[in-house]
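A.B. asks: Predicted model, plus sequence, below.
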Amino acid sequence: MKKNQILMAMAIVASSFYACTDNTNSMIDTSNNGTYKVYTLNDVTVVQNLIADTIIGTSAQGQPFGTGHFTFFSLKNRAIVPLADSATNNWDVAFRGTTILTNAGTSGPGMGGAYTHVGIFADVISFNADSTIRSDAAPVYAIKTGSNKGWYVYDGPNNLITPIPGRVLMIRGAEGTLYKLEINNYYKGGLTPLTTATSAIKLSTQRYYNFRYKAL
Amino acid sequence: MKGLKYHFFIIFLFASSIASYAQIAADSSYHSHLKQYNIKEETVVTATRSERKLSNVAIPTKIITQKSIKQAGSMRLSDILQEQSGLFLTAGFGTGVQMQGLNPDYTLIMINGEPLVGRTSGVLDLNRLAVGNIKKIEIVKGPSSSLYGSEAMAGVINIITDQTTNNKLAASLRYGTYNTKDVNCNTTFSKGKFTFSHFLNSYQSDGFSIRPYAVERTVAPIWRLTNQLHTSYQLSAKTKIDLDLRYAYEHIQNEIAVTNNGIITYSKGNEYHRDVNLNPVITHLFSNKLKSTLRLYATNYNADQNLNTSGNSIYDDQLNHQFVRAENQTDYYLNDQISFNAGVGYVQEGVKSNRYELNSARRTNNIAYVFAQTEIKPVEKLTIIAGFRYDNNQLFAAAFSPKIAAMFKANDHLKFNASIGRGFKAPDFRQLYLNFTNTAAGGYSVFGALEAQKQIEFLQSIGQILSIESDYYKLKELHPEYATGINFGLQYNPNQQIQFDLSFFRNDVENLIDTRLVAYHKSGAQIFSYLNLKNAYTQGVESQMSVKITPQFAVSAGYQYLLTADKDQVKDIKAGKIYTIDASGFARLMRLGEYIGLPNRSKHMANFKLTYENENFFTNLRIIYRSKWAVSDKDGNGLYNSNDGFANAFAQINIAAGKQINKQFRMQIGCDNVSNYIDIANLPNLAGRTFYTTLSYQFYQKNKK
């Protein structure tokens, strides 16, 4: 019943979207029902449904869990990097649940790092000289984890994760290239479940990253 | 300690040796007194704590009469309040009432001037109250803490029970959809100086129920019993004793099926609520000009909620709230121009809950208070009321609540009134002492302000804290929440047939208590506590018009326009710190014009009522309308704007008709929610279309000799 409602909502939203070639406002294609997809329009790369350790079960205590592995991604090559290359400079960012790594410090051998900028994606044209690029020092990461601290807010009563609008992740890649990155959605198909959806739906559709980025 | 408490009461009782003003008793000895106050027409007590003619009271008071309650077919207090202008009924933790855009926490609910206790998350469930013996409901909007203290921040709803002295035995039986059975029995008896009245109500339904924390709503059987007893005895021509006793019981049965990873878990639950109120009152007239009232009041609310899930240990949640008060009020009527009333009181309040650290230990607070008020008529057309109340709390900062109001009668048809007052709400026990970890939902914790530091320090010492948030360092003694309210209005009645009321209100609320994330458990689960943080305002216009088209036909309509805002959020938007989502799903700057204000509030609310009535027949049509209201922060920017989740606007239509068949026998039928409007997510308390029939029979009625 509820699943049908969601599917219907997805279909309605999907049909209302259309392709757009605007440089700074590349559309997220929500008709793409959960398939991983990368495409570039006018230098802005859009990544859809990047799976970041989806939930595979629930512990005896009721805590959901995944495999525990990060998904590594090369911003330069616009592609997922195999797990085996996690200790190389082949990747720039990695995702697992709400945690995002950059390739430096405790996370990798690269020259990576990041900071969170408050503002509009299109308005960012360079790294702010005043902001410090941090590198990961687990359990503290350059992109802060926790609700309302880094890139997302967690709605406890409704058990939903929403990216905070106006947060641009300023990322230095493994080889020193600078990128700006904006996360649009954390759920399958780029569609956050309804607050009234069952917890089963909320758990099975989360940890699907939808974002766009551009080299500066 | 306990000995001291009782000692105090006994001393208080005898030392004051003076007494109270009871309800509007039609006793002969009072007639002279009433004449002195020139009371003939409809009177109200709530606005000034003394009887006033409705048309003479400087603070506008809305009256819901017994007749309109009956003709609406109402069973519970929530049924009739939802049809009133400017009252928005909220769902969640029972049915609460939002007044002038302020949450249910800020409206004081009283029976015969005594407060009801037992709130869950700040909400006093209005379904707890049966309306079968209500003479009238008085509603005063705007801060009224100058007379009533804590909770009277948005306003006061005072239920006045029927205490007629006719010898009477009457019963009514109502049956409706969802197997809803409502039985009322009213008995009144008087002999000489003694009066006795008893009210019994039993309400039983297979109706809707929701459980806190459960996503799914179930239809759950409920049984409610109300027993109310009033006796009075005229000791002498000048002294009268009243005794009120009320016992209410509620049992809700829940059966829940939760699906997780395809596995269905069945749970059985029971909720029991018990409410006892005891209220002896002594009233003494020292002279026609001086009256004193001693009121003693004790109430205990007990809630017990258990949930038995197959294969799990029984979850049991208990709350016991006790409130004991002694109060003396003295009214002095100097002359036609000046009158005074003043009072002093002492409250001992305590709560026990297994959500606090020690279930066995009752957390207590003692409040000593004084209040005084004067009413002055410098000229015939002008009435001024000025008063204050000072509440000295043991557990948190003291509160001072002044109020001044004025009424100007321009002529026989037009009146203006204005008031400015301060209201407050004391931090409740939950905000001070809660120690709750929800193991069923991810293990998050909520600690009261007096517990948080202690608990988190302890958890840290055993290595169970992952991180401390910046708000943790802001934890300190909680202060009461304050509101400063300004009300301005006019009442215009060009003739006997038309009555028009218009009022403007603005409430500036400071120090609002909000939950904040203060730390993380080692598991990553969040820990919350309470802080005085927010500043907000609510403002709007309320209007009401009633027209008697013919002696039989009457129309009335009400409307409220409401604007609310969190002042800090407005600052952030103006500073360009808030973003929202554009059509592409990515961020853009949010404009102030997109800001909605506080959630769960409708900008427009309206009601409409059409009545036809002759000697022994009536019928009515009632429509209630609410515009959309914000329910979820969809774009994640931490505030409510036009991009967020809303509940749809809706209109509810109710109809009823009744016939007096003979002197004894009366019949009524009705249909509520005719259009069968349902919104399970946002209006879980609104059942679909329901039908009912009521039969009333008056076995015996004899007027007092």
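C.D. replies: Yes, it's here.
A.B. asks: Going by C-alpha atoms from here, please, whenever you check contacts or count neighbours.
C.D. replies: Will do.
A.B. asks: Give me the neighbour count for A:Q63.
C.D. replies: As a burial measure, A:Q63 scores 11 neighbours (other CA atoms under 10 Å in any protein chain shown).
A.B. asks: Likewise for B:K70?
C.D. replies: For B:K70, the number of neighbouring residues by other CA under 10 Å comes to 17.
A.B. asks: can you pull out the helices in the stretch 301-450 of chain B?
C.D. replies: Using DSSP state H, counting those that start in this stretch, the helices found in the stretch 301-450 of chain B span residues B:429-433.
A.B. asks: now swap in chain B and tell me
C.D. replies: B:2-16, B:28-36, B:66-71, B:77-81, B:145-148, B:429-433, B:452-461, B:567-574 (DSSP state H).
A.B. asks: Also chain A?
C.D. replies: A:2-16, A:199-204.
A.B. asks: For those helices, which has the smallest mean pLDDT value?
C.D. replies: Note on these: lowest mean pLDDT is at helix A:2-16, with a mean of 46.
A.B. asks: For the residue positioned nearest the centre of chain B, name its beta-bridge partners.
C.D. replies: Centroid check for chain B by CA atoms, centre = their mean gives B:I109 as the closest residue, at 3.7 Å. In this entry, B:I109 is beta-bridged to B:I157, by DSSP bridges.
A.B. asks: Quick check, pLDDT for it.
C.D. replies: 96.
A.B. asks: any idea how far B:H273 is from chain A?
C.D. replies: 25 Å (CA to the nearest CA, to the nearest Å).
A.B. asks: What's opposite the closest residue to that residue other than its chain neighbours in the beta bridge?
C.D. replies: Spatially, and ignoring its direct neighbours in sequence, B:H273 is nearest to B:A303 (4.4 Å; CA to CA, 6 or more residues apart in numbering or on different chains). Here B:A303 sits in beta bridges with B:H273, B:L319, going by DSSP bridges.
A.B. asks: Neighbours of B:A303, how many?
C.D. replies: Residue neighbour count, defined by other CA under 10 Å, stands at 21 for B:A303.
A.B. asks: doesn't B:L319 make contact with it?
C.D. replies: Yes: in this structure, B:A303 is within contact of B:L319 by CA atoms under 8 Å, at 5.1 Å.
A.B. asks: who are the neighbours in contact with residue 186?
C.D. replies: Defaulting to chain A. Going by CA atoms under 8 Å, 6 or more residues apart in numbering or on different chains, A:Y186 touches A:I161, A:T162, A:P163, A:T192, A:Q206, A:R207, A:Y208, A:Y209, A:N210.
A.B. asks: looking at chain B here, not the other one
C.D. replies: B:N186 neighbours (CA under 8 Å, 6+ apart): B:N133, B:K168, B:L169, B:A170, B:A171, B:S197, B:H198, B:F199, B:L200.
A.B. asks: Show me what the third one is bridged to.
C.D. replies: In other words, B:L169. With DSSP bridges as the criterion, B:L169 is bridged to B:T187, B:Y700.
A.B. asks: And the pLDDT at it?
C.D. replies: So, for B:L169, pLDDT stands at 91.
A.B. asks: and the gap between it and B:S232?
C.D. replies: For B:L169, the distance to B:S232 equals 18 Å [CA to CA, to the nearest Å].
A.B. asks: Comparing these two, which shows the higher neighbour count?
C.D. replies: B:S232 (22 against 18).
A.B. asks: Can you give me the pLDDT of that one?
C.D. replies: pLDDT, read off for B:S232, is 94.
A.B. asks: Now do the contacts for the nearest residue to it once chain neighbours are set aside.
C.D. replies: Spatial nearest neighbour of B:S232, excluding adjacent residues (CA to CA, 6+ apart): B:D242 at 4.2 Å. Residues in contact with B:D242 (CA under 8 Å, 6+ apart) are B:A22, B:H230, B:T231, B:S232, B:Y233, B:N279, B:P280, B:V281, B:I282.
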